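K.L.:
whatever this is, show me its structure:
(one chain, ligands or ions: 2)
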Amino acid sequence: MLAYTDARQKVIEVAGSIRRRPLLRESIEIEQGFGRVLAREVRADRDYPPFNRSTRDGFAVRAADASAPGARLECIGELRAGGTFDGALGPGQCIEIMTGASVPAGADAVVMIEHTKRDDRTITLDRAAQSGDHIVPRGSEARAGALLVAEGTRLGYAEIALAAQAGAARLEVFVSPRVAILSTGDEVVDARTAPGPLQVRNSNGISIEVLARTAGAQPVQLGNVPDDKNALRRDIERGLEAGDILVLSGGASMGKYDLVEQVLNDLGAEFHFTGVAIRPGRPAVFATCRGKLVFGLPGNPVSTMVTFELFVLPAIDRWSGAAPRPLPVFRAKLVAPIREKGAMFHFLPARIEWEGREARVTQLPWQGSGDIVSLALANGFLVVDPERTEVAAGDWVDVMPRRGAL
Ligand code: AMP
Ligand code: MG
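P.N.:
Numbering: from 1, shown residues only. Ligands and ions are numbered 1, 2, ... in the order given. Predicted structure coming up:
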């Protein structure tokens, strides 16, 4: 069976090759940019910094006048952030300067106020200055016209701050892909209604909606459909119309009433995988149908969320115009030994904590892939290799954060 890394790669390839082209663009206010993907690069409108900027409160000096501690200089004025000074600093002179002010002509170093003594207009420096001290030269961060934020960048707060600094009050971004969400199951009822004793509330509809939105897509909620071939076919067709990507939950395994694959097949879907060697999430299906990407995620809530992270997220990235985010897998020290049956990668709900700079991980008790109680207590997953079915306490293992929880 397909390794999860290969399955992910498959998604990235397929989503890249049939990606709706050209991606649509829209213009938005910069404040709305968080999580969106930039469609037109932002370039420096001027040099950054635009002048030789003092990074300290102190005195702007000529370093040549202060080559040894104890130099005495004449203070000829004051320069605050935004302020100008006409003329140039002469030999033996200094000027009081504030953080963020432009270093005047003639000066080539700033001495911090903490290292000076003032007696009226005479300033004594208690240490030597070197040319360049506490000055960020004009254009050293970026030259006018230089690329600041590239097309295809998913915008975080730093990119937005940079774009704001460069005067990009509106941003051109790609229109986010629509993710149509359809849950399946005779036993599933809307989360706002009271379930009968053998029914379950539709938590997958909600989790997929939240996952899709936080991934940067626009969710289109289609609710739940019973395990009936005709009804399922009708709703899948609706989903293919309503979304660029259709995400189904449930009905993907081998049971008699698991109809998703059958119906997709009847609709002429091309299957790229119909199972992945992971637990939870083994029956995950990925297909293309009528130019859209379709994911049939297993209905067990933990499986649904894990397979979304592994497989749907890179598809959303691709169809958003961004590079797929890497899986943030890192290493942590196992606190208590674990034993798992081999043959598949396991993503086990776990608690990751730090002791000093060392990450530690503890597996949480769980009842299998339906156990959202356990997942809600977890801030990450222990990722157990199929070759390593017994892991001793103190061993290093792979972990993956639960997005937003760590
Ligand atoms: P399935 O993948 O359809 O075989 O479903 C596997 C398990 O997940 C069953 O116990 C279902 O009741 C449960 N399940 C399916 N869909 C949902 C849903 N939308 N919300 C919560 N649980 C679900
Ligand atoms: Mg079902």
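K.L.:
going forward, measure contacts between C-alpha atoms and count neighbours the same way
P.N.:
Fine.
K.L.:
what's the neighbour count on residue 231?
P.N.:
The burial count assigned to residue 231 is 12, neighbours taken as other CA atoms under 10 Å.
K.L.:
that one is in contact with residue 225, isn't it?
P.N.:
Yes: under the criterion of CA atoms under 8 Å, residue 231 makes contact with residue 225 at 6.8 Å.
K.L.:
look up which helix or strand the residue nearest the centre of the chain falls in, please.
P.N.:
The C-alpha lying nearest the average C-alpha coordinate of the chain belongs to residue 325 (CA atoms, centre = their mean; 7.1 Å). Element membership for residue 325 (DSSP states H and E) is empty, with no helix or strand holding it.
K.L.:
okay, and the closest residue to it other than its chain neighbours sits in which element?
P.N.:
In space, and not counting its chain neighbours, residue 325 is closest to residue 314: 6.6 Å by CA to CA, 6 or more residues apart in numbering. If you go by DSSP H and E, residue 314 is part of helix 313-320.
K.L.:
please apply the same query to residue 194.
P.N.:
Assigned by DSSP H and E, residue 194 falls outside every helix and strand.
K.L.:
for it, what are its contacts?
P.N.:
By CA atoms under 8 Å, 6 or more residues apart in numbering, the contact list for residue 194 is empty.
K.L.:
tell me the secondary structure for the closest residue to residue 307 other than its chain neighbours?
P.N.:
With sequence-adjacent residues excluded and distances taken as CA to CA, 6+ apart, residue 307 is closest to residue 281, at 5.9 Å. Following DSSP: H, G, I helix; E, B strand; the rest coil, we place residue 281 in the coil state.
K.L.:
and the longest strand along the chain, what's buried?
P.N.:
What stands out as the longest strand in the chain, according to DSSP state E, is strand 345-355. Judged by neighbour count using 16 or more other CA atoms under 10 Å, the buried positions of strand 345-355 are 345, 346, 347, 348, 349, 350, 351, 352, 353.
K.L.:
what does stretch 386-393 give?
P.N.:
386, 389, 391.
K.L.:
ok, now stretch 293-308?
P.N.:
Neighbour-count burial for stretch 293-308 [16+ other CA under 10 Å]: 293-308.
K.L.:
returning to what we had before: mind putting the buried residues of strand 345-355 into a markdown table with distance to ligand 2?
P.N.:
Output for the buried residues of strand 345-355, formatted as a markdown table (distance: CA to the ion, whole Å):
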| residue | distance to ligand 2 |
| --- | --- |
| 345 | 23 |
| 346 | 22 |
| 347 | 22 |
| 348 | 22 |
| 349 | 23 |
| 350 | 26 |
| 351 | 29 |
| 352 | 32 |
| 353 | 36 |
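K.L.:
does the residue lying closest to residue 353 once chain neighbours are set aside belong to a helix, a strand or coil?
P.N.:
Ranked by CA to CA, 6+ apart and with sequence neighbours excluded, the top spatial neighbour of residue 353 is residue 360, at 5.2 Å. Taking three-state DSSP as the rule, one finds residue 360 in the strand state.
K.L.:
distance of residue 360 relative to residue 280?
P.N.:
22 Å (CA to CA, to the nearest Å).
K.L.:
of the two, who's got more company?
P.N.:
Legend: neighbour count by other CA under 10 Å for residue 360 and residue 280, higher for residue 280 (25 against 21).
K.L.:
who's in contact with the more buried one?
P.N.:
Here residue 280 is in contact with 302, 303, 306, 346, 347, 368, 369 (CA under 8 Å, 6+ apart).
K.L.:
who does the fifth one bridge with?
P.N.:
Right, the one you point to is residue 347. residue 383 (DSSP bridges).
K.L.:
quick one: the helices in this structure?
P.N.:
For the chain, helices defined by DSSP state H occupy the ranges 4-17, 157-165, 203-214, 229-242, 260-266, 301-307, 313-320, 372-377.
K.L.:
what's the fifth one packed up against?
P.N.:
It refers to helix 260-266. helix 229-242 (3 or more CA pairs under 8 Å, 6 or more residues apart in numbering; DSSP states H and E).
K.L.:
need the residues that contact the helix it packs on.
P.N.:
Contacts of helix 229-242 (CA under 8 Å, 6+ apart): 178, 180-182, 184, 220, 222, 225-226, 246, 259-260, 263-264, 267, 289-290, 292.
K.L.:
which of the residues you listed are close to ligand 1?
P.N.:
Among the contacts of helix 229-242, the residues that sit close to ligand 1 (CA under 6 Å from any ligand atom) are residue 184.
K.L.:
list the contacts for the residue of the stretch 51-200 of the chain at minimum distance from ligand 1?
P.N.:
When you check the stretch 51-200 of the chain against ligand 1 by CA to the nearest ligand atom, the closest residue turns out to be residue 183, at 5.0 Å. By CA under 8 Å, 6+ apart, the contact list for residue 183 reads 202, 204, 205, 222, 223, 224, 225, 248, 249, 250, 299.
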